[in-house]
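output the structure for:
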Amino acid sequence: MRLSSFADYAVVLMSAAARHCGATKMNATTLSAETGIPLPTAQKLVSRLSAAGLLESSRGTGGGVRLSRPPAAITLADVVEAVEGPIAMTACSEMGAHDCSLEQECRIRPHMNVANNAIRSALAGVTIASLAREVTPAPFVSGEVEQRVAEQTL
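Numbering: from 1, shown residues only. Below is the predicted model of the structure:
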């Protein structure tokens, strides 16, 4: 399973907004410039994330968008569901009619909610705050690579 580009961009945009949390209001143009997300896509994301209650927007002088709650209270699951809808590995696990010819006799369908819940729980365990933190690479220790190569060849 892979996130769509739209969901991926939403995570990037929300992480950028989290880095500015409380300091300044941003707008789609500044978020686009900071993240490299094309402006039309950033505008759609701001609209969708605002509609989902993850961003608050205000118009006029000093207007813009900001997170609607602290970054530690917004999860990856919240962002993905805001732009993609409910997290579901298969169409039959969603409510409504489906076009699967196996649906009536499928023995797996009743169990798919277990997988869906596991994936949603994993995404809910990652906050936007954790994604907004800078990660510093571990320092390179001279000879470390040679040591690993020597160990692997033994």
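
where does the prediction get shaky in this structure?
By pLDDT under 70, the weakly predicted segments of the chain are 1, 22-23, 91-99, 103, 135-154.

all strands of it, in order?
Assigned by DSSP state E, the chain shows strands spanning 55-58, 64-67.

buried set for the first one?
Neighbour-count burial for strand 55-58, with 16 or more other Cβ atoms under 10 Å as criterion, is recorded at 55, 57. Any C-beta I mention is one placed from the backbone N, CA and C, and that applies to glycine too.

over to stretch 111-121?
Here stretch 111-121 shows 112, 116, 119-120 as buried, counting by 16+ other Cβ under 10 Å.

swap in stretch 14-22?
By neighbour count on 16+ other Cβ under 10 Å, the buried set for stretch 14-22 is 14-21.

just stretch 79-92 next, same as before
Buried residues in stretch 79-92 (16+ other Cβ under 10 Å): 79-83, 87-88, 92.

what's the closest of these to Ser58?
Ala82 (19.2 Å; Cβ to Cβ).

how close does the closest one sit to Thr90?
21 Å (Cβ to Cβ, to the nearest Å).

what's the answer for Ile108, then?
For Ile108, the distance to Thr90 equals 8 Å [Cβ to Cβ].

what does Lys44 give?
The gap separating Lys44 from Thr90 is 26 Å, by Cβ to Cβ.

list the contacts for the closest residue to Ala115 other than its chain neighbours?
Nearest residue to Ala115, sequence neighbours excluded (Cβ to Cβ, 6 or more residues apart in numbering): Met89, at 5.5 Å. When the contact criterion is Cβ atoms under 8 Å, 6 or more residues apart in numbering, the partners of Met89 are 1, 112, 115-116, 119.

repeat that with 10 Å
The contact partners of Met89, by Cβ atoms under 10 Å, 6 or more residues apart in numbering, come to 1, 112-113, 115-116, 118-119.

helices along the protein, start to end?
Applying DSSP state H to the chain gives helices spanning 5-19, 28-35, 39-51, 76-84, 112-124, 128-132, 144-153.

many thanks, have a good one.
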